[in-house]
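*Asks:* I need the structure of the sequence given here:
(one chain, ligands or ions: 1)
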Amino acid sequence: MKKLFAFAAITAAVAGVHAQDFPGSKTITMVVPFAAGGPTDRVARDLAEALRKPLGGATIVVDNVPGAGSSIGAAKVARATPDGTTLLLNHIGMSTIPTLVRNVPFKVETDFEYLGIVNDVPMTLISRPTMEANNYKELTAWIAANKGKINLGNAGVGSASHLCGLLFQAATKTEMTPVPYKGTAPAITDLMGGQIDLLCDQTTNTSPQIEAKKVKAFAVTTSKRLTTPLLKDLPTLQEAGLKDFQVTIWHGLYAPKGTPPAITKKLNDALKVALKDPEFIRKQEGLGAVVATDGRIEPEGHKKFVAAEIAKWSPIIKAAGVYAD
Ligand code: ASP
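*Replies:* Numbers count the residues shown, from 1 in each chain. Now for the predicted structure:
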């Protein structure tokens, strides 16, 4: 027993020494489980910038590890050395993947240290610029007339666009052909080029393209209309007749399970500073994101929120019959 205590004390002391200096000259890698240039990547790059100062000028690099709707990148972080130098920035997929995907290569509840929620982001339903319809009503008629021929992009099974697309198909009782990408950056490029018809994606990715008229926008997925000047005239899908339709994407920061508490505290403290950074807020809010300020920015609040989101989404996904293989 004595030996055990001695070992624990040594481990704590070693962790303490490391924690004091953390990150020191070490580079922090923030894994983004989607392609570069997309909305999750965008949050990560803005956040990496805002975290640099509160982490003593640390070098933070973003590493895109896309594939399988974020499962590949998340699993990589779950297996990384728990020393604070490998982090994961992921979205709502952390709470929908356990229901949507059959063999998840990590355990959301037990494989991570939760470092805090970063933001909430509405989604928009958009189409290729050549779409015949010009408003949601016309889009409904177009969908009805084109059953069996509609291509709907997504960022892989378990991604936010996948979830939104599945819920949209269930609500409109229409089957569309899913076209998976490694993120919605390549998906929106194909949408602009007319290779696919529809996409549901975060405003942080769609706003610039809506503004440039490179895509058409039909509705937002939140229960209330947005206030951003560019998007304020878009109806909610609820208003458009899809009762109870509501999806808001959130992003959170994670470290591998077992990262020393002194290091997770440093990271959470730095995150809370970053979330108040005026430049970070300006960039995020300009694209329709709402930077988190509530109890979810604390590790316990973040963990509770993800558990609540799993409990919320699981019956909705099951009721909609939107499992994916
Ligand atoms: N917005 C994407 C999704 O559908 C992911 C991304 O590329 O950030 O989950």
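*Asks:* Which residues of this structure lie near the ligand?
*Replies:* 34-35, 38-41, 91, 155, 159-161, 183-185, 201-202 (CB under 6 Å from any ligand atom). For every residue, glycine as well, the C-beta is placed using N, CA and C.
*Asks:* can you do 8 Å?
*Replies:* Proximity of the chain to the ligand is assessed by CB under 8 Å from any ligand atom, with 32, 34-35, 38-42, 66, 69-70, 91-93, 154-156, 159-164, 181-185, 187, 200-202, 205, 249 identified as the residues in range.
*Asks:* Filter those residues down to just the ones in helices.
*Replies:* Restricting these to those inside helices, with DSSP state H as the criterion, leaves 39-42, 93, 160-164, 184-185, 187, 205.
*Asks:* Redo the residues you listed as JSON lines? Include pLDDT and neighbour count.
*Replies:* As requested, those are arranged in JSON lines below (pLDDT from 0 to 100; neighbours: other CB atoms under 10 Å):
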{"residue": "Pro39", "pLDDT": "96", "neighbour count": "29"}
{"residue": "Thr40", "pLDDT": "97", "neighbour count": "32"}
{"residue": "Asp41", "pLDDT": "97", "neighbour count": "24"}
{"residue": "Arg42", "pLDDT": "96", "neighbour count": "22"}
{"residue": "Gly93", "pLDDT": "95", "neighbour count": "29"}
{"residue": "Ala160", "pLDDT": "95", "neighbour count": "30"}
{"residue": "Ser161", "pLDDT": "96", "neighbour count": "30"}
{"residue": "His162", "pLDDT": "93", "neighbour count": "27"}
{"residue": "Leu163", "pLDDT": "92", "neighbour count": "31"}
{"residue": "Cys164", "pLDDT": "95", "neighbour count": "25"}
{"residue": "Thr184", "pLDDT": "97", "neighbour count": "30"}
{"residue": "Ala185", "pLDDT": "97", "neighbour count": "22"}
{"residue": "Ala187", "pLDDT": "98", "neighbour count": "27"}
{"residue": "Asn205", "pLDDT": "95", "neighbour count": "27"}
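*Asks:* and of those residues, the nearest to Ala320?
*Replies:* Comparing these against Ala320 with CB to CB picks out Leu163 as the nearest, at 9.8 Å.
*Asks:* Just the CA atoms of whatever helix or strand Leu167 lives in, as PDB, please.
*Replies:* Secondary structure here is read from DSSP states H and E; on that basis Leu167 sits in helix 160-172. Once non-C-alpha atoms are left out, helix 160-172 reads as follows in PDB (Å, rounded to 0.1, in the frame of the first residue of the first chain):
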ATOM      1  CA  ALA A 160     -23.300  17.700 -38.800                       C
ATOM      2  CA  SER A 161     -24.200  18.000 -42.400                       C
ATOM      3  CA  HIS A 162     -25.000  14.300 -42.400                       C
ATOM      4  CA  LEU A 163     -27.300  14.600 -39.400                       C
ATOM      5  CA  CYS A 164     -29.000  17.700 -40.800                       C
ATOM      6  CA  GLY A 165     -29.500  16.000 -44.100                       C
ATOM      7  CA  LEU A 166     -30.900  12.800 -42.600                       C
ATOM      8  CA  LEU A 167     -33.400  14.800 -40.400                       C
ATOM      9  CA  PHE A 168     -34.400  16.900 -43.500                       C
ATOM     10  CA  GLN A 169     -35.000  13.800 -45.600                       C
ATOM     11  CA  ALA A 170     -37.000  12.300 -42.700                       C
ATOM     12  CA  ALA A 171     -39.100  15.500 -42.200                       C
ATOM     13  CA  THR A 172     -39.800  15.900 -45.900                       C
END
